[in-house]
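Participant: coordinates only, no sequence provided:
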């Protein structure tokens, strides 16, 4: 069974092989890091909203709405806040329990209540209890043990869009209607858009939207800090395994100020996948090329971006061709505007085309950046003055090379036949 032996050797070699990772788990979405760069303001706002639970427990039921797009740190921030707040309460002799419910996983009111009970270590009888009966068990449990409970309902917009209005009403209003003297239940509602509550009855909506904390998409610099925190402080990788320019590249791809989504989760996934690709290729370093390959697998918009190549005019294609040529010649990923323009002039003349003037080339670069086909950033240390550095957002593969060459050939033929 030679084939089987070879496969076994392949698996064993991969297991025993070198790796760029030290603790890859710190890059996963469920990991809660020690630091949350650029979410200090939101943590402070949460603390101010909930501090009355510690200063005057039982006096009020707190409600906070957290709003922000996917990957803006809503889940990890609330979990970190819950962890820290419970610790501080304990030091003050108070029992505060934080529960985090994902409304997409616990899709019904009953499943949510069962999950809350589970996180409280409260046994629910097997006989089929109604939601009301389950809620009563939870309430009595809190009363007997003098517990303040913070319930975070993550992806609450999903629950709003799929549940009967009476279930939403029950979840949000029933506790208030108990007229309990001591308030023990508090809510954090996590939403992607506040407008998702627009369909709710005004009495429910006004009850939910009390204190809104916004989570804006991350900028490139903020993503850079987040990635570096996981690399350096959380030791996701072996020391020196990730090149600084790789982190910059990923940050620029996703930074909201660079035309990206501002999604930290995708940036972390891209970094992790880039590391796995480096391992697969036997590289001891995670390079920009690994990040590009990872981005091409993760970024759902990339196939759309590649499709846009077919809509480029001849001289836009020649600019892309010039960047690819420079990469092949010099092995670098980022090039100055001047160098790209110089190479573009050579490519154009070789094909019998009159190169466009500087202003027009600059406009091509701007359009290609808006389309997501190239990444541009300012030069840093080691370069005289400040200049714009340009790189392709996609890996330079044989397929891309063929696609660009074919499109250029078609445009030239069209010109000839015109």
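Facilitator: That came in fine, so what should we check first? Just so you know, these numbers come straight off a predicted model, no measurement behind them.

Participant: kindly report the domain assignment for this structure.
Facilitator: As assigned by the TED database, the chain contains the domains 1-28+218-298, 39-214, 305-417.

Participant: Three-state assignment for residue 360, please.
Facilitator: What DSSP: H, G, I helix; E, B strand; the rest coil gives for residue 360 is helix.

Participant: that one: what's it in contact with?
Facilitator: Each residue near residue 360 by C-beta atoms under 8 Å, 6 or more residues apart in numbering is listed here: residue 315. In short, each C-beta sits where N, CA and C put it, glycine included.

Participant: just say which of the domains of the chain is most tucked in.
Facilitator: Highest mean neighbour count among the domains of the chain (mean count of other C-beta atoms under 10 Å): domain 1-28+218-298, with a mean of 18.

Participant: quick one: average confidence on it?
Facilitator: Mean pLDDT, taken over the full extent of domain 1-28+218-298, equals 89.

Participant: sorry, back to before: the domains of the chain: lowest mean pLDDT?
Facilitator: Of all the domains of the chain, the minimum mean pLDDT falls on domain 305-417 (a mean of 85).

Participant: off-centre distance for that one?
Facilitator: Taking C-alpha atoms, centre = their mean, to the nearest Å, the mean C-alpha location of domain 305-417 is offset from the chain mean by 29 Å.

Participant: select the longest helix from the protein.
Facilitator: Secondary structure of the chain read by DSSP state H shows that its longest helix is helix 398-417.

Participant: just checking, what packs against it?
Facilitator: If contacts are counted by 3 or more C-beta pairs under 8 Å, 6 or more residues apart in numbering; DSSP states H and E, helix 398-417 sits against helix 314-330.

Participant: the helix it packs on to helix 398-417, inter-axis angle?
Facilitator: Computed by axes from the mean of the first three to the mean of the last three C-alpha atoms, to 10 degrees, the angle separating helix 314-330 from helix 398-417 equals 140 degrees.

Participant: what sits against the nearest residue to residue 215 once chain neighbours are set aside?
Facilitator: Nearest non-adjacent residue to residue 215, counting by C-beta to C-beta, 6 or more residues apart in numbering: residue 68, 2.8 Å away. Residue 68 sits next to 74, 192, 214-217 when contact means C-beta under 8 Å, 6+ apart.

Participant: next: residue 165.
Facilitator: 200-201, 204.

Participant: any chance of these in JSON lines, with distance to residue 391 too?
Facilitator: Shown next, in JSON lines, are the contacts of residue 165 (distance: C-beta to C-beta, whole Å):
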{"residue": "200", "distance to residue 391": "46"}
{"residue": "201", "distance to residue 391": "51"}
{"residue": "204", "distance to residue 391": "49"}
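
Participant: residue contacts, the spatially most central residue of the chain?
Facilitator: Central residue of the chain (C-alpha atoms, centre = their mean): residue 265, 2.3 Å from the mean position. By C-beta under 8 Å, 6+ apart, the contact set of residue 265 is 29, 70-71.

Participant: packing partners for the strand or helix carrying residue 132?
Facilitator: According to DSSP states H and E, residue 132 maps onto helix 131-145. Helices and strands touching helix 131-145, by 3+ C-beta pairs under 8 Å, 6+ apart, are helix 109-119, strand 147-154, helix 165-177.

Participant: let's see that with 10 Å instead.
Facilitator: strand 95-102, helix 109-119, strand 147-154, helix 165-177, strand 185-191 (3 or more C-beta pairs under 10 Å, 6 or more residues apart in numbering; DSSP states H and E).

Participant: let's have these in a markdown table, adding distance to residue 243.
Facilitator: Converted to a markdown table, the helices and strands packed on helix 131-145 look like this (distance: least, C-beta to C-beta, whole Å):
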| stretch | distance to residue 243 |
| --- | --- |
| strand 95-102 | 36 |
| helix 109-119 | 41 |
| strand 147-154 | 35 |
| helix 165-177 | 48 |
| strand 185-191 | 35 |
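
Participant: quick check: which of the ones you listed is nearest to residue 236?
Facilitator: Distance to residue 236, taken as C-beta to C-beta, is lowest for strand 95-102 among these, at 23.4 Å.

Participant: now residue 107, what's its secondary structure?
Facilitator: The three-state assignment at residue 107 reads coil, by three-state DSSP.

Participant: give the contact list for it.
Facilitator: Applying C-beta atoms under 10 Å, 6 or more residues apart in numbering, we find residue 107 in contact with 158-159, 162-163.

Participant: rewinding a little: what comes into contact with the longest helix of the chain?
Facilitator: With C-beta under 10 Å, 6+ apart as the test, helix 398-417 has contacts from 296, 306, 309-318, 320-321, 324, 328, 347, 351-353, 392, 394, 396-397.

Participant: how about 6 Å then?
Facilitator: 314, 317, 320-321 (C-beta atoms under 6 Å, 6 or more residues apart in numbering).

Participant: dump the contacts of residue 165 to a markdown table, plus distance to residue 342 and secondary structure.
Facilitator: Output for these, formatted as a markdown table (distance: C-beta to C-beta, whole Å; DSSP: H, G, I helix; E, B strand; the rest coil):
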| residue | distance to residue 342 | secondary structure |
| --- | --- | --- |
| 200 | 60 | coil |
| 201 | 65 | coil |
| 204 | 63 | helix |
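
Participant: hmm, back to that, what strand or helix carries the residue nearest to the centre of the chain?
Facilitator: Here residue 265 sits within helix 264-280, counting by DSSP H and E.

Participant: off-centre distance for that helix?
Facilitator: Taking mean C-alpha positions (C-alpha atoms, centre = their mean), helix 264-280 and its chain are 12 Å apart.
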